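**Q** pasting the sequence and the predicted coordinates here, then a few questions.
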Amino acid sequence: MIRLHLFRRRLLAGSIAAFIAAFLGAITAGCAAHVRYYDPVYSDYHVWGPPEAGYYNQWLVETRHPHVEYKRLRPQEQRAYWTWRHQHGDRH
């Protein structure tokens, strides 16, 4: 009887721990996709996620820039990217 009680407690504790771990994993993964960058040329914000990263990589190739994270670009290069980005709309 005592062993059954301990088994149930451990099963419940393990289930709760697994739920919390999954919940926290989902929360932290969602936060990474909500990075916003300000575009000073057009005075608007852009959410940086997979689609924007695709445009950024296309810009790097077309302008023959070496691959550098966007946040590490000089402000002049960031402005050049946003100017290019607005000229290319939402197509790859």
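**A** Good, I have the coordinates.

**Q** buried ones in the helix or strand hosting Q78, by neighbour count?
**A** Per DSSP states H and E: Q78 is located in helix 75-88. For helix 75-88, a neighbour-count test (16 or more other C-beta atoms under 10 Å) marks 78, 80-82, 85 as buried. In this view, the C-beta of every residue, glycine as well, is placed from N, C-alpha and C.

**Q** next: stretch 51-60.
**A** Within stretch 51-60, the residues that count as buried by 16+ other C-beta under 10 Å are 55-56, 59-60.

**Q** I'd like these laid out as a markdown table, including secondary structure.
**A** Conversion of the buried residues of stretch 51-60 to a markdown table gives the following (DSSP: H, G, I helix; E, B strand; the rest coil):
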| residue | secondary structure |
| --- | --- |
| Y55 | helix |
| Y56 | helix |
| W59 | helix |
| L60 | helix |
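
**Q** pull the most distant pair out of these.
**A** Greatest spacing in the buried residues of stretch 51-60, by C-beta to C-beta: Y55 and L60 (9.8 Å).

**Q** need the phi and psi values for Y45.
**A** Main-chain torsions, Y45, degrees, to the nearest 10: phi -110, psi 150.

**Q** burial of it, as a residue count?
**A** Neighbour count of Y45, defined by other C-beta atoms under 10 Å: 10.

**Q** what's across from it in the sheet?
**A** Y38 (DSSP bridges).

**Q** that one and P66, how far apart?
**A** 26 Å (C-beta to C-beta, to the nearest Å).

**Q** for P51, same thing?
**A** Using C-beta to C-beta, P51 is found at 22 Å from P66.

**Q** again, but for H34
**A** From H34 to P66 the distance is 27 Å (C-beta to C-beta).

**Q** out of those two, which sits in the busier spot?
**A** Comparing H34 with P66 by other C-beta under 10 Å, the one with more neighbours is H34, at 9 against 5.
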